[in-house]
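Colleague: Structure, please.
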Amino acid sequence: MVSLAQNFPKEKIRNIGIIAHIDAGKTTTTERILFYTGRTYKIGNIDEGTTTMDWMDQERARGITICSAATTCEWNGYRYNLIDTPGHVDFTAEVERSLRVLDGGVVVFDGVAGVEAQSETVWRQADRYGVPRICFVNKLDRTGADFFRCVGMIETRLKARPIVIQLPLGRESTFVGMIDLVDGKAIVYDGKAEDAPKRLDIPESEKANFEEYRQKLIESLSEIDDHIMAAYLDGNEISSADLRAALRRATISGKGIPVLCGSSLKNKGVQPLLDAVIEYLPSPLDKAEAQATDVKTGNTVACSLRDDAPLAALAFKIVADPYVGRLVYLRVYSGTITAGSTVLNATRDNKERVGRLLLMHANHHEEIESANAGSIVATMGSKNTFTGDTLCDIANPMLLEAISFPTPVISVAVEPKTRADRDKMIDGLNKLAEEDPTFKISFNDETGQTVIAGMGELHLDVLVSRLMSEFKVGANVGAPKVAYKETITASSKAEGRFVRQSGGRGQYGHVVVEFAPNTGKGFEFVDNIRGGALPREFIKAAGEGIKEAMETGGLAGYQVVDVKATIVDGSFHEVDSSDMAFKMAGSIALKSGLQKCGAVVLEPVMRVDVVTPEQYMGDIIGDLNARRGRVESIDSAGDTTTIHGIVPLSKTFGYTTDLRSMTQGRATFSLEFFQYQQVPASLAEEIRAENAGKIN
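Modeller: Numbers count the residues shown, from 1 in each chain. Predicted structure coming up:
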């Protein structure tokens, strides 16, 4: 394997991710990229479980990507730091953290299905992080593939501006290559996988098509690029170099999205895609400098891409590798990180020694001495660094913006089978939680159970399977439970009084608090005490008491959210009052306020997309209605229908089996968290009673 240990010029680095809906062909595309760049000598196959990037046993058994895998390869003198991300919504955190550190993305679409549910999710994530993209319409050799329908869906459903730079040559089983609208050549594949494509003159039968779409390409660019507009209006000849330069400007600015086509499984279109990554996606130098906060002054500072600048690196992924040990993946935004050096973890204010530095290739690695700004590497030995932490120079402490992750919506109880399994289980769960920020562990004092929470049934199923296989833990798993929440629907004033007298010094705390709904804004505490009725430290303690009580203080025992608490009055005792007494008073005020403010139970509601043959549509809609779901729209394409709706998470357990039974296994579905909504009153009472242990 070719060594990649030397540092690369920044203008020749591409930090890119492959992102898409599940089964669009991300991993297959990545496997071809590795083959054509010489990183592997045999093309991996998902069905055979021989892929390089899906290296975990769970991934190979299920045929899906679960963890984002990083690799480093070269193409035409450029270095690609490449991340293959999962497509299933349960593993959306993997996409989130990858997009946070990438400079560009290749979005893969299924040429038959077009823009699917998770395509929209990853597109919105890329929008949020301002990641420039190019699109690759895959699987054009399949029956029912329609390139232009897919381009239309990118425009209408993703609200993007697709710019077609390739046309498919042939259709479905006759798909043999593509027409390059920029260079005016036909790219034809008619040999073995390892053979280079032939660049030929455009066939006579396709020339009219080429002229029409090349004109559309020029017109699209003239609307968003002043240079092309000027040349177009002056009637000047627009060269291929002009088009490439304009496409690069449009892509990096986010004004346009180049669209390419191919069939990764049939080894068609991958080399032109690699060229397009070089031509149109940004290098680290093309992106705005990352912003950090100077720990000493609180001011915002720019992270210079100079190698001799102060170090600033973001830890975006932790992997507990059973063979290598604990790996921390880093994106270096500024300066140089060196193996064996000591750096500051500014997030946790502790020093870390950088162990070995590694260039990753899925679960293999190559050791390097140092990594400069713009690099993506992994390090060993950083025991106290976690996802979202900033590593920097000790003399120049700074904090990069951390990564935000969604809240878990489903939980199950796990318990060890034997006493010997207990310690192994806790150790395994903690290591898995270090890897995955959307995986949470808690201990229920009342039941004595360990409760794990995640993003969906598949997410928790995979984690429990890993616990058993990787950490050799015997465990029993309970039925899944929904993460309900509570909130208030009306405003009211409530009093909290905590008085204890037991000889000697007593405890006294008294507050009057106005509670009001704070929809979508979380918890807000306002100090409205006038005339010094309460000392400042007691006001703060009361606010902390309210906030702590909201975690489990709901009428049904669930977390309370979206409440504005304004402290307006209270009293204190010169001797008996304390922070603890006012914390308790705040907690009592919350309990009282919930009784008066119309507390309601909220449940997580999922957005569901069901793709089915048309003949089963009626049964599926009827079943969704029976699950308290609501159909919002229906799209048809040929004999396939896509039903878009929303359904409570509690009614989705076991839906995979039910849907297969209804449709003879021909329908598929995807779920994505939508929002929390109020539970119907009759069900709310049932949920409260169940949580209180009144229902078995």
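Colleague: roughly how far apart are the residue nearest in space to the middle of the chain and Ala196?
Modeller: Closest to where the C-alpha atoms of the chain average out (CA atoms, centre = their mean) is Glu96, at 2.7 Å. Here Glu96 is placed at a distance of 37 Å from Ala196 (CB to CB, to the nearest Å). C-betas here are computed from N, CA, C, even on glycine.
Colleague: could you list every residue that touches the residue nearest to the centre of the chain?
Modeller: Gln125, Ile403, Ser404, Phe405, Pro406 (CB atoms under 8 Å, 6 or more residues apart in numbering).
Colleague: now the first one: how far from Tyr189?
Modeller: In this structure, Gln125 and Tyr189 are 33 Å apart, going by CB to CB.
Colleague: between those two, who's got more neighbours?
Modeller: Tyr189 (23 against 19; other CB atoms under 10 Å).
Colleague: contacting residues around the nearest residue to that one once chain neighbours are set aside?
Modeller: Excluding its sequence neighbours, the residue lying closest to Tyr189 (CB to CB, 6 or more residues apart in numbering) is Lys268, at 4.6 Å. Residues near Lys268 by CB under 8 Å, 6+ apart: Asp141, Phe175, Val176, Gly177, Met178, Tyr189, Pro197, Gly262.
Colleague: phi, psi of Lys268?
Modeller: phi -120, psi 120 (degrees, to the nearest 10).
Colleague: Mind pulling the model confidence for it?
Modeller: Here the pLDDT value assigned to Lys268 is 93.
Colleague: who does it bridge with?
Modeller: Per DSSP bridges, the residues bridged to Lys268 are Ser263.
Colleague: what ranges do the strands span in the stretch 101-250 of the chain?
Modeller: Per DSSP state E, counting those that start in this stretch, the stretch 101-250 of the chain carries strands over the ranges 104-110, 133-138, 162-164, 166-169, 177-180, 185-188, 198-200.
Colleague: For Ser650, which of the ones you listed is the nearest?
Modeller: Ser650 lies closest to strand 104-110 among those, at 30.6 Å (CB to CB).
Colleague: quick one, that closest one and strand 133-138 angle?
Modeller: Strand 104-110 runs at 30 degrees relative to strand 133-138, counting by axes from the mean of the first three to the mean of the last three CA atoms, to 10 degrees.
Colleague: follow-up on the earlier one: can you tell me which of the contacts of Lys268 is nearest Pro604?
Modeller: When these are compared against Pro604 (criterion: CB to CB), the nearest one is Gly262, at 38.3 Å.
Colleague: dump the residue contacts of Thr37.
Modeller: Cys73, Glu74, Trp75, Tyr80, Leu274.
Colleague: Quickly find the element holding the nearest residue to it once chain neighbours are set aside.
Modeller: Spatial nearest neighbour of Thr37, excluding adjacent residues (CB to CB, 6+ apart): Cys73 at 4.0 Å. In the assignment (DSSP states H and E), Cys73 maps to strand 69-75.
Colleague: Could you verify my assumption that Glu603 touches Gln675?
Modeller: No. Checked against CB atoms under 8 Å, the pair Glu603 and Gln675 is beyond contact range at 10.1 Å.
Colleague: Comparing the two, which residue is more hemmed in?
Modeller: Using other CB under 10 Å as the criterion, Glu603 and Gln675 rank with Glu603 on top: 23 against 11.
Colleague: Show the low-confidence segments of the stretch 451-600 of the chain, by residue range.
Modeller: The stretch 451-600 of the chain contains residues with pLDDT under 70 at 502-504.
Colleague: Please apply the same query to the chain.
Modeller: Residue ranges of the chain with pLDDT under 70: 1-7, 39-69, 86-92, 117, 321-324, 361-364, 444-448, 502-504, 692-696.
Colleague: what's the single longest strand in it?
Modeller: strand 600-613 (DSSP state E).
Colleague: Show me what counts as buried in that one.
Modeller: Applying a neighbour-count criterion of 16 or more other CB atoms under 10 Å, one finds 600-612 buried in strand 600-613.
Colleague: follow-up on the earlier one: now the angle between strand 104-110 and the helix or strand the residue nearest to the centre of the chain falls within, please.
Modeller: Using DSSP H and E, the element containing Glu96 is helix 92-101. Interaxial angle, helix 92-101 versus strand 104-110 (the same axes, to 10 degrees): 140 degrees.
Colleague: Put the alpha carbons of helix 92-101 into PDB.
Modeller: Extracted in PDB, the C-alpha atoms of helix 92-101 (Å, rounded to 0.1, in the frame of the first residue of the first chain):
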ATOM      1  CA  THR A  92     -27.700  10.700  12.400                       C
ATOM      2  CA  ALA A  93     -25.200  11.700  15.000                       C
ATOM      3  CA  GLU A  94     -22.500  10.100  12.900                       C
ATOM      4  CA  VAL A  95     -23.500  12.400  10.000                       C
ATOM      5  CA  GLU A  96     -23.700  15.400  12.300                       C
ATOM      6  CA  ARG A  97     -20.200  15.200  13.600                       C
ATOM      7  CA  SER A  98     -18.700  14.300  10.200                       C
ATOM      8  CA  LEU A  99     -20.300  17.400   8.500                       C
ATOM      9  CA  ARG A 100     -19.000  19.500  11.400                       C
ATOM     10  CA  VAL A 101     -15.400  18.900  10.400                       C
END
